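J.: Here is a sequence with its predicted model. Questions after.
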Amino acid sequence: MGILRKEIVPRSYQLAIAQSALQKGNTLVVLPTGMGKTLIAFLVVAERIGLGRVVFLAPTKPLVQQHHKSFLEAADFPPEDAALITGEIAPKKRQGLWQKRICFSTPQSFKNDILAGRADASCSLCVIDEAHRAVGNYAYTFIASEVAKKGGMILGLTASPGGDRRRIQEIVDALGIQNIEIRTAYDADVAPYVKRLDIEHVKVPLGGRFSEVRRLLSAMLSEHAEHLSSMGFPPPLKSKKGLVELRARIMKASEKIRYGALSLYSTIFNLAHMLELIETQGLSTFLSYVQKLRAREETKARRRIFSDRRFAEALRLCKEAEEHPKMGKLLEIVSARGGEKILVFTQYRDQVKAIVEALRSKGVLAERFVGKKEGVTAEEQKRTIERFSKGEFDVMVATSIGEEGLDIPSVDTVVFFEPIPSEIRTIQRRGRAGRLKAGRVVVLMAEGTRDEAHFHSSRKKEERMRRIVGRMQAQFSRSMESPKANPPKRREEQKKLTDF
């Protein structure tokens, strides 16, 4: 196992995947959260580092710090030869750090330093963590291209590359993938290590006043959507992504109708967002958004909303309503599982605040876990995770910042305050429970709302992802077995992991 410490004992599937990557070249590893993707990377690093410098990339500074620390704990390796590189380090100093034997960095820092001539893309191995980000103009795509020019090997790691064939193919093409290794919790070599995970979907009735507010907002939205449709721009109200993309289409229209259509679009977009908040989030988050909208500059789009009697009636009903029924259910769940470590995920920062306040009002020790947009530094995030790990509080309420990669301690229960349509994020959220012991996942859904649609959407995408990646893995295997498609490998690529 080369540089890895003797007490590090890899699992059979980790050894098999590392062996496959070393034999077959650029590899995408798809493995559930908590199943040891990082150790697989370290196994490959241990074999490749003798051939030249290794670069280990991760999308955020805390995650880069975590990998740097984990490597030094797992490897018998001189700390002075392992560089931790971020944009906070002076450019001249970074230039020297890139000469170290292994460099841990964010992709943005590596890309910027390559472009500025402070770093060279040549390396024996480039590890790309959270490889599902390697699409579009993200820095991973540039780096992979530069590494390929210098003959370096790519190892991509992800819990989910997505449920769309074109997106997965884009990742494969961007990283120059020649081999895919996918495992699920049901595979024979992984199953013995998977802890039981009980998943419960809890449907909550929306309630009278919330349903009436929803009806009023829906009526307003439908009316303005019909008007925009008559101008040639039917808005896809059930798809937030489609609604965002509609604006680009309107911007290409003639000046004669563009401004009127954009004004209507703005009204529709705001109403659609408010409808989502009242359906899936809660009263305080909805009213917070209304307050922000009211504080904006007066426009025709804004006036359409605030001058409508239906909207005034909706606000009146909100004054009489209690919090969203899902909040009561969440408090019930937390109360019933006292003493456990619980991680609550929710979409919006305002909702994080509302949930923390509601929990504290019931005597629950709860803290928020949010990102830089809320003025929280990486060091503050680290301290919050450490306090959670030590048991200084029981419930951590997080936005998407808690989904990806960070070393959050194993929790007993993960609660989705709302389902999300992204299969990538669903898998990452779910993977936070049951890492070291049996765990539980609770998904709250408001009945008859987009919550249910988002739940079914993510489930279908996840099933599709497994089928697509499984087929692609088989295709790569067949092409590797074909004599014509399998030219003689370099000696180092044929190397077996005999030290394992």
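T.: Thanks, I have the structure now.

J.: Any regions of the chain where pLDDT drops low?
T.: Across the chain, the ranges flagged by pLDDT under 70 are 1, 402-409, 431-438, 479-500.

J.: Which segments of it make up each domain?
T.: 12-192, 197-205+323-453, 208-320 (automatic domain parsing).

J.: Mind putting these into CSV with distance to residue 464 and mean neighbour count?
T.: (C-beta placed from N, C-alpha, C; glycine too.) Shown next, in CSV, are the domains of the chain (distance: least, Cβ to Cβ, whole Å; neighbours: other Cβ atoms under 10 Å):
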stretch, distance to residue 464, mean neighbour count
domain 12-192, 4, 20
domain 197-205+323-453, 8, 19
domain 208-320, 17, 16
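
J.: Between those, which one is closest to residue 472.
T.: Proximity to residue 472 (Cβ to Cβ) singles out domain 12-192 among these, at 5.5 Å.

J.: Looks like residue 465 contacts residue 167 (just checking).
T.: No. Using Cβ atoms under 8 Å, residue 465 is not in contact with residue 167; the gap is 9.5 Å.

J.: Give the residues shared as contacts by those two.
T.: residue 161 (Cβ atoms under 8 Å, 6 or more residues apart in numbering).

J.: helix/strand/coil for residue 122?
T.: coil (DSSP: H, G, I helix; E, B strand; the rest coil).

J.: In contact with it: list those residues for me.
T.: 52-53, 147, 150-152.

J.: Looking at those, which are in helices?
T.: Of these, the ones assigned to helices by DSSP state H are residue 147.

J.: out of the contacts of residue 122, what pair is the most spread apart?
T.: Greatest spacing in the contacts of residue 122, by Cβ to Cβ: 53 and 151 (12.6 Å).

J.: biggest helix in this protein by residues?
T.: The chain, longest helix under DSSP H: helix 450-481.

J.: helices or strands up against that one?
T.: Counting contacts by 3 or more Cβ pairs under 8 Å, 6 or more residues apart in numbering; DSSP states H and E, helix 450-481 packs against helix 165-175, strand 179-182, helix 255-280, helix 423-430, strand 439-446.

J.: Quick check: buried residues in that helix?
T.: 450-451, 454-455, 457-458, 461-462, 464-466, 468-469, 472-473, 476 (16 or more other Cβ atoms under 10 Å).

J.: for these, which one is nearest residue 124?
T.: residue 476 (21.9 Å).

J.: so that closest one makes contact with residue 181?
T.: No. With contact defined as Cβ under 8 Å, residue 476 does not count as touching residue 181 (9.4 Å).

J.: Tell me how far residue 296 lies from residue 318.
T.: 19 Å (Cβ to Cβ, to the nearest Å).

J.: meant to ask about residue 236, not that
T.: 27 Å.

J.: Also residue 271?
T.: Per Cβ to Cβ, residue 271 is found 15 Å from residue 318.

J.: list the helices and strands the host helix or strand of residue 314 packs on?
T.: For residue 314, the enclosing helix or strand under DSSP states H and E is helix 309-320. Helices and strands touching helix 309-320, by 3+ Cβ pairs under 8 Å, 6+ apart, are helix 208-230, helix 283-294.

J.: mind redoing it with 6 Å?
T.: helix 208-230 (3 or more Cβ pairs under 6 Å, 6 or more residues apart in numbering; DSSP states H and E).

J.: what sits up against the helix it packs on?
T.: 235, 264, 267-268, 271, 274-275, 278, 308, 310, 313-314, 317, 321 (Cβ atoms under 6 Å, 6 or more residues apart in numbering).

J.: Save those as TSV, and put in distance to residue 208 too.
T.: Shown next, in TSV, are the contacts of helix 208-230 (distance: Cβ to Cβ, whole Å):
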residue	distance to residue 208
235	29
264	31
267	27
268	26
271	21
274	19
275	17
278	13
308	21
310	17
313	14
314	13
317	9
321	9
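
J.: farthest-separated two in the residues you listed?
T.: Farthest pair in the contacts of helix 208-230, by Cβ to Cβ: 264 and 321, 29.0 Å.

J.: sorry, back to before: of the contacts of residue 122, closest to residue 446?
T.: Looking across those and measuring by Cβ to Cβ, the closest to residue 446 is residue 147, at 46.3 Å.

J.: With adjacent residues omitted, what lies nearest to the closest one?
T.: Leaving aside its sequence neighbours, residue 147 sits nearest to residue 126 (Cβ to Cβ, 6 or more residues apart in numbering; 4.7 Å).

J.: beta partners of the one you found?
T.: residue 55, residue 154 (DSSP bridges).

J.: Please apply the same query to residue 440.
T.: residue 198, residue 413.

J.: Look up how far residue 229 lies from it.
T.: Taking Cβ to Cβ, one finds residue 440 at 45 Å from residue 229.

J.: All set now, cheers.
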